[in-house]
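> need coordinates for the below:
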Amino acid sequence: MFRNALEPWHLLILVAVVVLIFGSKRLPDMARALGKSMRILKSETKAMKDDGASNEPRPESEPAPGPRTVSDAPGDTATARTAPTDSPTGHGD
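All right, here's what the predicted structure looks like:
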């Protein structure tokens with residue numbers, strides 16, 4: 001049914017009809033606007049892909065341990081004090 005649907009002379013007739021409908025003066029402006037729209041679409045899709053890549057869950061490192069506190073009795077927060085850490089303090093010991 002559609003074996004010879006798109007032959008070269010079909011394209012020539014299509015181009016002639018487009019020129020007759022829109023006129024030869026408006027065609028360059030329309031082509032320019034189409035190109036601009038395509039560039040905008042391309043940049044927006046790229047931005048969406050970049051946003052999607054940055055929104056992926058990143059593997060989180062283990063949180064740094066805070067200062068340890070030692071209490072005299074379990075549940076006694078009034079007398080809690082800071083315990084010395086195992087890290088070097090930078091003093092020349």
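
> my guess is L27 meets L20, correct?
No: using CB atoms under 8 Å, L27 makes no contact with L20, being 11.0 Å away. (Glycine included, C-beta is placed from N, CA and C.)

> out of those two, which sits in the busier spot?
Neighbour comparison, L27 and L20: the larger count goes to L27, with 13 against 9 (by other CB atoms under 10 Å).

> leaving out the residues flanking it, which one is nearest to the more buried one?
Spatial nearest neighbour of L27, chain neighbours left out: V19 (6.8 Å); criterion: CB to CB, 6 or more residues apart in numbering.

> could you report the neighbour count for that neighbour?
With other CB under 10 Å as criterion, V19 counts 12.

> that one and R39: what is the separation?
Distance, V19 to R39, by CB to CB, to the nearest Å: 25 Å.

> quick one: low-confidence residue ranges for this structure.
Scanning the chain for pLDDT under 70 picks out 1-2, 4, 55-93.

> try it again with 80
The chain contains residues with pLDDT under 80 at 1-6, 52-93.

> other SSEs contacting whichever helix in it runs longest?
The single longest helix within the chain, with elements called by DSSP state H, is helix 26-54. For helix 26-54, the packing partners by 3 or more CB pairs under 8 Å, 6 or more residues apart in numbering; DSSP states H and E come out as helix 8-22.

> tilt between the helix it packs on and helix 26-54?
100 degrees (axes from the mean of the first three to the mean of the last three CA atoms, to 10 degrees).

> tabulate the CA atom coordinates of helix 8-22 in PDB.
Provided in PDB are the C-alpha atoms of helix 8-22 (Å, rounded to 0.1, in the frame of the first residue of the first chain):
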ATOM      1  CA  PRO A   8      11.900  12.600  -4.500                       C
ATOM      2  CA  TRP A   9       9.200  14.300  -6.500                       C
ATOM      3  CA  HIS A  10       6.900  14.000  -3.400                       C
ATOM      4  CA  LEU A  11       9.400  16.000  -1.400                       C
ATOM      5  CA  LEU A  12       9.700  18.700  -4.200                       C
ATOM      6  CA  ILE A  13       5.900  19.100  -4.200                       C
ATOM      7  CA  LEU A  14       5.900  19.400  -0.400                       C
ATOM      8  CA  VAL A  15       8.600  22.100  -0.400                       C
ATOM      9  CA  ALA A  16       6.800  24.000  -3.200                       C
ATOM     10  CA  VAL A  17       3.600  24.000  -1.100                       C
ATOM     11  CA  VAL A  18       5.400  25.200   2.000                       C
ATOM     12  CA  VAL A  19       7.000  28.000   0.100                       C
ATOM     13  CA  LEU A  20       3.600  29.000  -1.400                       C
ATOM     14  CA  ILE A  21       1.900  28.900   2.000                       C
ATOM     15  CA  PHE A  22       4.400  30.700   4.100                       C
END
